[in-house]
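Chemist: the following block contains a protein sequence and its predicted model.
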Amino acid sequence: MIIYIHGFNSSGNSDTGTNLKKEFGDVIAINYDFANADRSHQQINSVVSKYVKEPDTIIVGTSLGGFWANYFSDKYGMKAVVLNPTFNPSQTLLKYIGKNKNYFTQEEYEFNKENAEAFKKYEVDANPSENKLVYVGSNDTVIDPNDTIKKMKGVLVIGDSGHRVSSDVIIGLVRKVQLNHSQAIIEENVEILYERFLNFLPADVDKKKQYADVVWDLLQRAYASIGGIHGNGFQSKEDMIKNIPFWKLCRRNGSIIAAELYKDKGGRKSVAACTDGTSEGKKALKMMKSEDFTQERTYAEVSGPMLAFLKKGNDIEKQAVPYDKINDFIDDHIKRPPADDPEVLRHPELKNFFYQRMIGGDWHTKIMVGTPGKKII
């Protein structure tokens, strides 16, 4: 059973609630009087309390719903997925004083200071218990993510979303909790207390120039075994700035610890990735890759160390593009590799997905993973 608690000015019938029902079926999406703290508590408690003794029940809450998910997880010791929560709604809701309109129902209502202050008695100290998986969007402009990062270290997953989290991400996190994989995903991400992800689009030329030196150096080191980074878009730093349209960088304590670069080529294609070599950098890159796959927004052709890297913690067979679909996204002639190809021998479970294509005058064995066809912008 999944119990979904929506946020302020939303509804259990929102896209998130609807998508959770489509994915899991056994879902209660609570509609409650979110502007009234006492009625909210009573209405949510009347549902949650019925499932206290069912260990597979998961409470999922977003924003103000995250506040209540955290509260009832602590009260009853239940599993919870808490997304971009507020821990002090008596303060964060003050900005809604006056006339409001529910985003989903379009119903208009008044919210006053007394309504906000009524939440105070339900505010509890942040408790990073093992029952919770807490997601924080590093680009959240509604609730300060740094507050949650400080309070919930140990049960934290950090993503690059804003305040609104896509249903795909939420579903992915719920599945991790269902499979009891929460600790694995936490261990990959908890130490990455970076300042934020930096996303540079084609128009962000000046920002790319600012970071070009460090990105170039990281790429050269990452691809040193093949003589450094090369190919279209990587002839020089200037070529990279001009011809690699989308950059995603992870910055921690002022330093770039991981980077991934993309082209628009049959969709958003990851064409290069690197880290600073530290464990934090590797964790950051793994998180970036995992989020790309979870949100079905990019694809890549991989082999060698990168394929081995991606296999750790990802179901590559589910993310791999079938051989007979490859030419839907690339124009090159492809062929199946021989049975004794080193990649096939290293990854026999993926043998039906491998293909070879000509790159730089030589045949290279690759596998395509992710979701082609999604453009950068």
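Modeler: Received, thanks.
Chemist: quick one, domains of the chain?
Modeler: Following automatic domain parsing, one finds the domains of the chain at 2-189, 196-370.
Chemist: tell me the mean pLDDT for the longest helix along the chain?
Modeler: In the chain, taking DSSP state H as the definition, the longest helix is helix 205-222. For helix 205-222, mean pLDDT is 95.
Chemist: check the offset of it from the chain's centre.
Modeler: Put simply, helix 205-222 sits 24 Å off its chain's centre (C-alpha atoms, centre = their mean, to the nearest Å).
Chemist: which strands and helices lie in contact with that helix?
Modeler: If you count contacts as 3 or more C-beta pairs under 8 Å, 6 or more residues apart in numbering; DSSP states H and E, helix 205-222 packs onto strand 196-200, helix 237-243, strand 246-252, strand 255-264, strand 268-275. In short, each C-beta sits where N, CA and C put it, glycine included.
Chemist: run through who's touching that helix.
Modeler: Contact partners of helix 205-222, identified using C-beta atoms under 8 Å, 6 or more residues apart in numbering, comprise 198, 200, 228-229, 234, 237, 240-241, 247, 249, 255-256, 259, 261, 272-277.
Chemist: which residue ranges of this structure form helices?
Modeler: Applying DSSP H to the chain gives helices spanning 15-24, 37-48, 64-76, 89-92, 113-117, 145-151, 167-178, 182-189, 205-222, 237-243, 279-294, 304-311, 316-319, 342-346.
Chemist: which residues touch the fifth one?
Modeler: Under the criterion C-beta under 8 Å, 6+ apart, residues Ala35, Asn36, Ala37, Pro89, Ser90, Gln91, Leu93, Leu94, Tyr96, Ile97 lie in contact with helix 113-117.
Chemist: the closest residue to the second one other than its chain neighbours: neighbouring residues, count only.
Modeler: The reference is to Asn36. Excluding its sequence neighbours, the residue lying closest to Asn36 (C-beta to C-beta, 6 or more residues apart in numbering) is Asn115, at 6.6 Å. Asn115 has 19 neighbouring residues, counting by other C-beta atoms under 10 Å.
Chemist: I'd like the distance between Asn115 and Trp247.
Modeler: 44 Å (C-beta to C-beta, to the nearest Å).
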